[in-house]
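J.: Following is a predicted model, sequence given first.
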Protein chains: 2
Amino acid sequence: MAEKQRHSWVAIRDSIREMILNSTYGPGDKLPRDEEFAARFGCARSTVHRAMRDLAQSGLVERRRKGGTMVRRDPVTRATLNIPITRLEVEQKGSVYRYQLIRQSMQPSPPAIMANFGLPEARPMLRVEALHLADSRPYIFEDRWICLETVPEIASVDLSRESANEWLVRNRPYSRCDLRLYARPGTGSDSEILQSKVGDALFVMERTTWIGDAPITSLCAVAHPGYQLFTQG
Amino acid sequence: MAEKQRHSWVAIRDSIREMILNSTYGPGDKLPRDEEFAARFGCARSTVHRAMRDLAQSGLVERRRKGGTMVRRDPVTRATLNIPITRLEVEQKGSVYRYQLIRQSMQPSPPAIMANFGLPEARPMLRVEALHLADSRPYIFEDRWICLETVPEIASVDLSRESANEWLVRNRPYSRCDLRLYARPGTGSDSEILQSKVGDALFVMERTTWIGDAPITSLCAVAHPGYQLFTQG
DNA sequence: TACATTAATATGTAGCTACATATTAATGTC
DNA sequence: GACATTAATATGTAGCTACATATTAATGTA
């Protein structure tokens, strides 16, 4: 099968995927080494490597040095969520964005936030409660904790003008981001802020970020009733 | 700065990211070409290319042939969701998985499903309503439509034994997957199936997949009250 | 047998070259 | 000036080589 044309890594990837899906190689099976595949397809090992890296990333196979490549027993669907700055999300829908700082205070982190970070002890943090509005209607309410040890500059930012969301995204890179999504019924205090009714189903996004091992921020964002989160089209 | 050591693409990526984040290059700015960076860092263009590809994928920069590389004006948070086969999700939590086929019928696709696929006309489809249980308690209810033109074999699969979820994931690759997440209040018919109370907040995942341009399946999965979706740790 | 050392092996990465491709800029023609 | 043609340019990809790294298998030694 070793022809003398140029093979794209996409084509090689699709061929290998096809073989996995038509059970030439079943779940748990070990695949031939990259070199073997390269010889079979008549392409370079680097091309097979590219293909394999993609298959590994998409969750179909698992690779280990020396161990070789195995077809995963438990295929997963991997989807990439795009979570833009809230202001841009609102503006992209053609709405007018407004932002409202509700409360701001220095507090030691409570146990729930420490748990999000995986920290044993409380740390000094800045708590910021704020509301994002679209066309003057509540859009997302966020209750955010920012680690003052990792981001001391935040103390001198005027958070009534610029949202902590935007300032952090623009000024603080993160190396790790944990995300948790769920639904919860609206409570009385929600209805005040989000103009929701008690009993409305609210979409909640909890997000925690680190730079290296240092905690940056952990927040709970509650969206207005009817909010939907998409994968990028 | 052109030294004669080996530079990892991760190090190069971090250097460039650092420059972007400390405003050496601001949002909307054009970055030097890859070759220029390679000369500066004393590494090969391919190494810079790898670094840049990663930065582009993570949403920090945007690349266009001939156009060059630009720092994105609107940084986004990208998170990868792992959506395993429901059976495995349940078993991984240490629970006993059970599956129950509720209804199954051939029907032309209704307008809502056609809209998900972006199709102008109805197609013959198999509708499957099924319940996934964990420890005999309702876990996820799915209402699924499968395109019979793309997946004719599904008609001869015994869906009372194996879930359509599992059969499709194991037998049908997809090249595109759209995902939509939201919360909605539980209705009367939910409470029957999910043992939820009317007014409970339910987490809903709508998923639509294609192979090439051919529609495969579109489903609406409603989780039991309290369900949470995570990014992989 | 138990444990440390060494060899073998498959994937991972870096560097180079050559060519492909998309897009913009320059040029020519009417 | 309007439009088609051509050149220039930056990224994208394929192929090759060489070496790095992780992990398993084989071997040696007390």
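T.: Structure received. Small disclaimer: the values here were computed from a predicted structure and weren't measured. Numbering: from 1, shown residues only, chains lettered A, B, ... in the order given.
J.: contacts, neighbours, all on C-alpha from now
T.: Noted.
J.: roughly how far is the least confident helix or strand in chain A by mean pLDDT from the heart of the chain?
T.: In chain A, the helix or strand scored least confidently by mean pLDDT, DSSP states H and E is strand A:76-84, which has a mean of 85. Centre-to-centre, strand A:76-84 and its host chain are 7 Å apart (C-alpha atoms, centre = their mean, to the nearest Å).
J.: ok, now stretch A:185-194?
T.: Taking mean C-alpha positions (C-alpha atoms, centre = their mean), stretch A:185-194 and its chain are 26 Å apart.
J.: I'd like the mean pLDDT over that stretch, please.
T.: Here stretch A:185-194 scores 90 as its mean pLDDT.
J.: What's the separation between A:H132 and DNA strand C?
T.: 35 Å (C-alpha to the nearest atom of the strand, to the nearest Å).
J.: Pretty sure that residue sits in a helix.
T.: No. Assigned with DSSP: H, G, I helix; E, B strand; the rest coil, A:H132 falls outside any helix and is strand.
J.: For the closest residue to DNA strand D within chain A, give me its contacts.
T.: Here chain A gets closest to DNA strand D at one residue, A:S8, 2.2 Å apart by C-alpha to the nearest atom of the strand. Listed by C-alpha atoms under 8 Å, 6 or more residues apart in numbering or on different chains, the contact set of A:S8 reads A:T47.
J.: Distance of it relative to B:L131?
T.: According to C-alpha to C-alpha, to the nearest Å, A:S8 and B:L131 sit 42 Å apart.
J.: How many residues are close by the closest residue to A:V61 other than its chain neighbours?
T.: Nearest non-adjacent residue to A:V61, counting by C-alpha to C-alpha, 6 or more residues apart in numbering or on different chains: A:V71, 4.4 Å away. Around A:V71 there are 22 other residues, counting by other C-alpha atoms under 10 Å in any protein chain shown.
J.: Can you give me every residue that contacts A:V71?
T.: With contacts defined as C-alpha under 8 Å, 6+ apart, A:V71 is in contact with A:20, A:25-31, A:60-62.
J.: hmm, 7 Å instead?
T.: By C-alpha atoms under 7 Å, 6 or more residues apart in numbering or on different chains, the residues touching A:V71 are A:26-30, A:60-62.
J.: next one: A:T150
T.: By C-alpha under 7 Å, 6+ apart, the neighbours of A:T150 are A:214-216.
J.: so where do the strands sit in chain A?
T.: Secondary structure of chain A (DSSP state E): strands at A:61-64, A:68-71, A:76-84, A:97-108, A:124-134, A:137-147, A:176-185, A:201-211, A:214-223, A:228-230.
J.: Just send these back as TSV, with distance to B:G188 too.
T.: Shown next, in TSV, are the strands of chain A (distance: least, C-alpha to C-alpha, whole Å):
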stretch	distance to B:G188
strand A:61-64	42
strand A:68-71	43
strand A:76-84	31
strand A:97-108	37
strand A:124-134	32
strand A:137-147	28
strand A:176-185	16
strand A:201-211	15
strand A:214-223	24
strand A:228-230	22
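J.: which one of those has the lowest average pLDDT?
T.: Per-stretch mean pLDDT for these is lowest at strand A:76-84 (a mean of 85).
J.: does A:N82 really touch B:D74, like I thought?
T.: No. Here A:N82 does not reach B:D74: they are 11.4 Å apart, not a contact under C-alpha atoms under 7 Å.
J.: who in chain A is up against DNA strand D?
T.: Counting by C-alpha under 7 Å from any atom of the strand, chain A comes close to DNA strand D at A:5-10, A:42-47, A:64-67.
J.: Next, check the residues you listed against the helices and list the overlap.
T.: Under the assignment DSSP state H, the residues of chain A next to DNA strand D contribute A:9-10, A:45-47 to helices.
J.: Only the buried subset of those, as a ChimeraX command please.
T.: Remark: buried members of those, expressed as a ChimeraX selection using 16 or more other C-alpha atoms under 10 Å in any protein chain shown:
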select /A:9,45,47
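J.: Turn the ones in helices among the residues of chain A next to DNA strand D into CSV, including distance to A:Y99 and pLDDT.
T.: Output for these, formatted as CSV (distance: C-alpha to C-alpha, whole Å; pLDDT from 0 to 100):
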residue, distance to A:Y99, pLDDT
A:W9, 46, 90
A:V10, 45, 90
A:R45, 53, 94
A:S46, 50, 93
A:T47, 49, 93
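J.: what's the farthest-apart pair in the ones in helices among the residues of chain A next to DNA strand D?
T.: A:V10 and A:R45 (13.8 Å; C-alpha to C-alpha).
J.: quick one: A:T47 and A:W9 touch, right?
T.: Yes. Taking C-alpha under 7 Å as the definition, A:T47 is a contact partner of A:W9 at 5.2 Å.
J.: and stretch A:166-182, which residues are buried?
T.: Going by neighbour count (16+ other C-alpha under 10 Å), the buried part of stretch A:166-182 is A:166, A:168-170, A:172-174, A:176-182.
J.: and of these, the nearest to A:G118?
T.: Among these, A:D178 lies closest to A:G118 (C-alpha to C-alpha), at 11.4 Å.
J.: In contact with the closest residue to that closest one other than its chain neighbours, which residues?
T.: Nearest residue to A:D178 in three dimensions, chain neighbours excluded: A:T208, at 5.1 Å (C-alpha to C-alpha, 6+ apart). Listed by C-alpha under 7 Å, 6+ apart, the contact partners of A:T208 are A:116, A:177-179, A:217-219.
J.: quick check, nearest of the residues you listed to A:A51?
T.: A:C177 (26.8 Å).
J.: Could I get the contacting residues of that closest one?
T.: Shown in contact with A:C177 (C-alpha under 7 Å, 6+ apart): A:207-210.
J.: on that earlier part again, dump the contacts of A:T150 into TSV; add distance to B:S189 and neighbour count as well.
T.: Shown next, in TSV, are the contacts of A:T150 (distance: C-alpha to C-alpha, whole Å; neighbours: other C-alpha atoms under 10 Å in any protein chain shown):
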residue	distance to B:S189	neighbour count
A:A214	47	16
A:P215	44	24
A:I216	43	25
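J.: Identify, from those, the entry nearest to A:M106.
T.: Within the contacts of A:T150, proximity to A:M106 (C-alpha to C-alpha) peaks at A:I216, which comes in at 14.8 Å.
J.: who are the neighbours in contact with that closest one?
T.: Here A:I216 is in contact with A:146-147, A:150-151, A:209-210 (criterion: C-alpha under 7 Å, 6+ apart).
J.: and what of A:N82?
T.: Taking C-alpha under 7 Å, 6+ apart, we find A:N82 in contact with A:231-232, B:76-79.
J.: Noted, bye for now.
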